[in-house]
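Peer 1: Sequence first, then the predicted structure, then my questions.
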Amino acid sequence: MYKYDGRLIHQSHDDDGIIEVVELNGVRSLHFGSYPRQSSMRIAAPDKLQLAYVRAMTCWLLFKQTLADEALIVGLGGGSLTKHLLHHFPDCRLRVVEYRKSVVRIARSHFGLPLDPRLKIIVDDGGRYILQRTETEREQYSLLFVDAFDHEGMAESICNEAFFLACKPLLKKDGILVMNLWGTDKALFTKVARWLGRAFQWRILFLPVRCKGNIIAFAFNDDSTLYSMRALRTRASALEEHYQIEFPVFLRDLNTHNTSTLNNLIKP
């Protein structure tokens, strides 16, 4: 059976809808009952990041040397980002919050998400989880990734200012929030940008993903360094060679699209 231009290899239902896995030209993708892909993996290179927006989320590496402690991830999908972190950062510890238990099963059975002692998966609503842990997990995470979409858009529990205000205390003082946003909903994007700016005192950057609707947001906590653009260019070239990810392109786009906030974080 064929669907979304590819061969349907799995279809199941849970209380939140349809979960489908489709293969096309050597790429396996996760769908939630609609055409947009929630996650993709090239079968011959499962550790490579197939989708441009996930590669863009790795731009935290421009601003941090490594991940040698703990990160929180809200939204698992097929586990591309989680696998990337486990593969490249042996000293990391990851806590992933995923709303749908069925998605966790599919990530393991069809997308190679490993059983790893560094990885803890919690089945819960990501927005609720964060709001309930502003004290018990205060300053625990160097990185907080948010990629929580369903077939209709951004998950409702993270679509409010209280969520962003609650993210900040979970981060270490030099921590970074990295969030996937959908830029085609201009009104919602404007609201989220305002919430992020107020929560993080406008130490924020946005990276539109070329030829896609995704915009990746980066929000920096209070003790973030003032970065040199010259040093960032040098680092972007080195990262591109190491990871085979287009960091110089991403850095140019960050420079182009953040005229109002760039000086809060980056000096010429």
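Peer 2: Structure's in. What do you need? Worth saying up front: this structure is predicted, and the values here are computed from it rather than measured.
Peer 1: Need the residues that contact stretch 225-245.
Peer 2: 48-49, 55, 58, 61-63, 88, 174, 246-248, 250-251, 255, 265-268 (C-beta atoms under 8 Å, 6 or more residues apart in numbering). To be clear about C-beta, it is placed using only N, CA and C from the backbone, and glycine gets the same treatment.
Peer 1: 6 Å instead?
Peer 2: Contacts to stretch 225-245, defined as C-beta atoms under 6 Å, 6 or more residues apart in numbering, come from residues 55, 58, 61, 62, 247, 248, 251, 266, 267, 268.
Peer 1: Would you mind giving those as a markdown table with neighbour count added?
Peer 2: Shown next, in a markdown table, are these (neighbours: other C-beta atoms under 10 Å):
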| residue | neighbour count |
| --- | --- |
| 55 | 23 |
| 58 | 20 |
| 61 | 20 |
| 62 | 20 |
| 247 | 25 |
| 248 | 15 |
| 251 | 22 |
| 266 | 21 |
| 267 | 12 |
| 268 | 8 |
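Peer 1: Make CSV out of the residues you listed and add secondary structure.
Peer 2: Output for those, formatted as CSV (DSSP: H, G, I helix; E, B strand; the rest coil):
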residue, secondary structure
55, helix
58, helix
61, helix
62, helix
247, helix
248, helix
251, helix
266, strand
267, strand
268, coil
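Peer 1: Closest one of these to residue 158?
Peer 2: Minimum distance to residue 158 across the contacts of stretch 225-245 is 20.9 Å, recorded for residue 58 (C-beta to C-beta).
Peer 1: Now do the same contact list for the closest one.
Peer 2: When contacts are counted by C-beta under 6 Å, 6+ apart, residue 58 touches residue 245.
Peer 1: switch to 10 Å and redo it
Peer 2: By C-beta atoms under 10 Å, 6 or more residues apart in numbering, residue 58 lies in contact with 49, 81, 84, 85, 88, 178, 216, 239, 243, 245, 247, 250.
Peer 1: One more: residue 182?
Peer 2: Taking C-beta under 10 Å, 6+ apart as the definition, contacts of residue 182 comprise 36, 53, 149, 153, 154, 188, 189, 192, 212, 213, 214, 215.
Peer 1: The first one against residue 53, yeah?
Peer 2: No. Counting by C-beta atoms under 10 Å, residue 53 is not a contact partner of residue 36; they are 11.0 Å apart.
Peer 1: I am finished for the moment; much appreciated.
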